[in-house]
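> Take a look and give me a structure for this.
(chains A and B)
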Amino acid sequence: MLGAAGSKRSEARAGQVRTTAGAPAIGTSSGAAGAPSGRGAKTIEVKGVSLYYGDFQAVEDVTMKIEPNKVTALIGSSGCGKTTFLRALNRMHELTPGAAVEGEISLDGEDVYGAGVDPVQVRRLVGMVFQSPNPFPTMSVYENVAAGLSLNAKRMKKAEMDAVVERSLRGANLWEEVKDRLDKAGSGLSGGQQQRLCIARAIAVEPEVLLMDEPCSALDPVATLAIEDLIRELKDRYTIAIVTHNMQQAARASDLTAFFNLEKSGRPGRLIEIGPTETIFTKPAQQATEDYVSGRFG
Amino acid sequence: MESASQSPRAGASLLASSVGGGILPGWATYAVLGGAAALSTAVLLAAGAFTAALTLAFTVLVACVAIYAWSRAVEGPRRARDRVMTMAIAAAFGLAMIPLFSLIFEVAKRGIPGLSLEFFTSDARGVVGGGGAEHAIVGTLMITGVAALISVPIGIMAAIYLTEYGTGRLRRALTFFVDVMTGIPSIVAGLFAYALFEIFLGPGIRLGVMGSVALSVLMIPIVIRSAEEVLKIVPAHLREAAYALGTPKWKTITRIVLPTAFAGLVTGVMLAVARIIGETAPLLVTTGVIDSLNSDPFHGRMQNLAVYAYNEYRSPGLMKQASYDRAWAAALTLIAIVMILNVAARLVYRRYKTEIR
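Below you'll find the predicted structure:
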């Protein structure tokens, strides 16, 4: 059993190597071939952000920076506002009735909540992968990947579209598994494949930033590993923020870790500290962080 | 087993004692029902009060008491209660089915003699005591079709407003009024349509499209309610997935939400059509009565099956039985159309339903 898992892992690794070799092809399309951090991924800067659902304050006064071409993990106990914070970054938070945002969030210096800014445009630049895989049930694998483009009324030749779909599926390490059933329903794939399909769908529109909300919480360890490998590859081209409850996942996949906590239930969540993952997990500045990462509470 | 039923408490078996000992044989329910039926028949015959309905009622009562007594003696009180409840619920179900099957049987029995090629292919113009119902069949299909054309877009768009756009007090108020509208008596809808057209076209006006408007008043709230329920179960995470790709709201609705809900929407519409297709009262005052075929809803009176059946029964003319036969045949045709719509709705649902998790 262990052996089997081990071999799966090496397979995933092999896939990673293969796709990395193909990466320049993706890079060229955006004009920066090959170089690991060359794609001009964007920085998100967050200043004094508080988030509300009606009268309830979910997040209080968060100031942090999400670095380009790095994976930033958001950890913390349930209900401390990590997901809410993530959803505020691409203006999904305001879709909840009564939701409100205070403070400043900027994407490479441009205010995301500025007066003339269309939330739809923000979401095209800041993609999102959700907790449970949610491929569109009425669409095939191909249509799911193409959805972002076809829904946004981009007129494209069939050949171009084919190229985007293949590139995105390769980027999500899914091409080899689904290339023979592109016209089958996306919901017919396994959970892990569905989640990678959703990642392919998100990167098909070439966003600058990719937000992931516990992308592995509904997946088994093997599928989780495949996604983590993928995340490490994707950071070459994107800025990535990932919410996770899985401490090992944060340790394995992220470069920076932000720890959120709340004093007690009903109080807003706060950012306790942020730093290199290594530091947060070995010698954090705050006692609360050390308690959390060592499993003493939460 | 044997020893457990003889000494349920003293025995070592926990499982056996927990259900009170023995278990009735599998045929017990049927035996009790048969016995109760025989007993009820005999007693009622002896008393000279035998009727089928009375016997059935007595049989159920006697069977309930008997199965309880027998089961309690052998199996203990918990199982006995369970058996009585099962029997009572099955009896209630049977009771609900009796009128349905007796209705279909009766309509088929009386309607089939009136069916003929002539019934479907000729109208009743200038015919004394004969003719067919082609004009009524065409009229029913046209009036209902136009009603659906009016109601479906309005109803589905209203449902989209309620599920995707409406918020707070306004939404709640609208939902309330839609609920009120589903309860409007159909004759009121007919009078409303008449009054509306009378303003523009003068008193005594009768048009096919007036009937369609009247039926729309009845149909729209049904479509709204069913479409609203179907749109509500489209999971929020699909909408969010579309938004996260930078899809505008209207496109999310037209390309993601509506296709996902398609099967349910079609089913809802078909059932709404089935619900209004047999309306009589509103059509009496809006489309009028006529003996000849008219397939132009914007010009002149239009017959329909329900009004046709009513008329054949009310004024049968010289050959009474032939008229009655035609009335029943019209009723049978109407039921057949409703059944076909229901079957079609199920087929569409099965073909297009989306697995939603």
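> the strands in the stretch 101-250 of chain B, which residues?
Counting by DSSP state E, counting those that start in this stretch, the stretch 101-250 of chain B has no strands at all.
> Which one of the residues in it is closest to chain A?
Minimum separation of the stretch 101-250 of chain B from chain A (Cβ to the nearest Cβ) falls at B:G246, amounting to 3.1 Å. The C-beta positions use only the backbone N, C-alpha and C, and glycine is treated the same way.
> which non-adjacent residue is nearest that residue?
A:R124 (3.1 Å; Cβ to Cβ, 6 or more residues apart in numbering or on different chains).
> same deal with B:G155?
B:V223 (2.8 Å).
> Quick one: residues contacting the one you found.
The neighbourhood of B:V223, defined by Cβ atoms under 8 Å, 6 or more residues apart in numbering or on different chains, consists of B:151-152, B:154-156, B:159, B:268-269, B:272.
> Would you mind checking the residues you listed for buried ones?
B:151-152, B:155-156, B:159, B:268-269, B:272 (16 or more other Cβ atoms under 10 Å in any protein chain shown).
> In helices, which of these appear?
Taking DSSP state H as the definition of helices, those contribute B:151-152, B:155-156, B:159, B:268-269, B:272.
> Can you report how many residues lie near B:L162?
21 (other Cβ atoms under 10 Å in any protein chain shown).
> helix/strand/coil for B:I23?
coil (DSSP: H, G, I helix; E, B strand; the rest coil).
> Repeat that for the one 3 residues further on.
Applying three-state DSSP to B:G26 yields a three-state assignment of coil.
> which parts of the stretch 51-200 of chain B sit against chain A?
B:T167 (Cβ under 8 Å from any Cβ of the partner chain).
> List the residue ranges of the stretch 51-200 of chain B that fall below the pLDDT cut-off.
B:128-129 (pLDDT under 70).
> so where do the helices sit in the stretch 201-350 of chain B?
For the stretch 201-350 of chain B, the helices defined by DSSP state H, counting those that start in this stretch cover B:208-232, B:236-244, B:249-251, B:258-276, B:281-286, B:305-314, B:320-352.
> what would those look like in CSV with distance to B:V65?
CSV is the format used below for the helices of the stretch 201-350 of chain B (distance: least, Cβ to Cβ, whole Å):
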stretch, distance to B:V65
helix B:208-232, 42
helix B:236-244, 52
helix B:249-251, 63
helix B:258-276, 41
helix B:281-286, 46
helix B:305-314, 45
helix B:320-352, 39
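> Out of the ones you listed, which gets nearest to A:R270?
Nearest to A:R270, of all the helices of the stretch 201-350 of chain B, is helix B:236-244, at 25.6 Å by Cβ to Cβ.
> right, and out of the buried ones among the contacts of B:V223, which lies closest to B:T254?
Closest to B:T254, out of all of the buried ones among the contacts of B:V223 and judged by Cβ to Cβ, is B:I156, at 11.2 Å.
> That closest one touches B:R225, doesn't it?
No - using Cβ atoms under 8 Å, B:I156 is not in contact with B:R225, being 11.5 Å away.
> before we move on, back to that, same list (the helices of the stretch 201-350 of chain B) but as CSV, adding mean pLDDT.
Shown next, in CSV, are these (pLDDT from 0 to 100):
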stretch, mean pLDDT
helix B:208-232, 95
helix B:236-244, 91
helix B:249-251, 91
helix B:258-276, 92
helix B:281-286, 92
helix B:305-314, 91
helix B:320-352, 91
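> wait, which of these is closest to A:A202?
Going by Cβ to Cβ, the one of these nearest A:A202 is helix B:236-244, 7.1 Å.
> Can you pull out the residues in contact with that closest one?
Outside helix B:236-244, the residues that reach it (Cβ under 8 Å, 6+ apart) are A:90, A:92, A:95, A:123, A:127-128, A:130, A:132, A:134-137, A:147, A:151, A:198, A:201-202, B:249, B:251-252, B:255-257, B:260.
> so the closest residue to chain B within chain A, which of the three states?
Nearest residue of chain A to chain B: A:R124, at 3.1 Å (Cβ to the nearest Cβ). Following three-state DSSP, we place A:R124 in the helix state.
> Just say helix, strand or coil for the nearest residue to A:S132 once chain neighbours are set aside.
Using Cβ to Cβ, 6+ apart and skipping residues adjacent in sequence, the residue nearest A:S132 is A:A218, 4.8 Å away. With three-state DSSP as the basis, A:A218 sits in coil.
> per-residue confidence at A:A218?
In this model, A:A218 is scored at 79, pLDDT.
> what's around the residue nearest to B:G246, how many residues?
A:R124: 20 neighbours (other Cβ under 10 Å).
> again with the one 4 residues further on
Here the neighbour count serves as a burial measure; for A:M128 (other Cβ under 10 Å) it reads 25.
> Where does it fall, secondary structure wise?
Under DSSP states H and E, the secondary-structure element containing A:M128 is strand A:126-129.
> Parallel or antiparallel, which strands does that strand pair with?
strand A:209-213 (parallel) (DSSP bridges).
> Can you tell me what sits against the strand it pairs with?
Contacts for strand A:209-213 (Cβ under 8 Å, 6+ apart): A:41-42, A:44, A:66, A:83, A:86-87, A:89-90, A:107, A:125-131, A:199, A:202-203, A:231, A:234, A:238-243.
> now that strand: how far from the chain's centre is it?
2 Å (Cα atoms, centre = their mean, to the nearest Å).
> does B:V107 really touch B:W328, like I thought?
Yes - using Cβ under 8 Å, B:V107 is in contact with B:W328, at 6.5 Å.
> ok, now which ones touch the residue of the stretch 101-250 of chain B closest to chain A?
Applying Cβ under 8 Å, 6+ apart, the residues near B:G246 are A:120-125, A:148, A:152, A:205.
> Next, format those as a markdown table and append pLDDT.
Written out in a markdown table, the entries for those read as follows (pLDDT from 0 to 100):
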| residue | pLDDT |
| --- | --- |
| A:V120 | 89 |
| A:Q121 | 89 |
| A:V122 | 90 |
| A:R123 | 91 |
| A:R124 | 88 |
| A:L125 | 90 |
| A:G148 | 87 |
| A:N152 | 78 |
| A:V205 | 88 |
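> nearest to B:L318, of those residues?
Using Cβ to Cβ, A:N152 comes nearest to B:L318 of the contacts of B:G246, at 71.7 Å.
> which secondary structure element contains A:Q249?
helix A:247-253.
> residue boundaries of the helices in the stretch 101-250 of chain A?
Taking DSSP H, counting those that start in this stretch as the test, the helices found in the stretch 101-250 of chain A are A:119-125, A:141-151, A:158-171, A:175-178, A:191-204, A:221-234, A:247-253.
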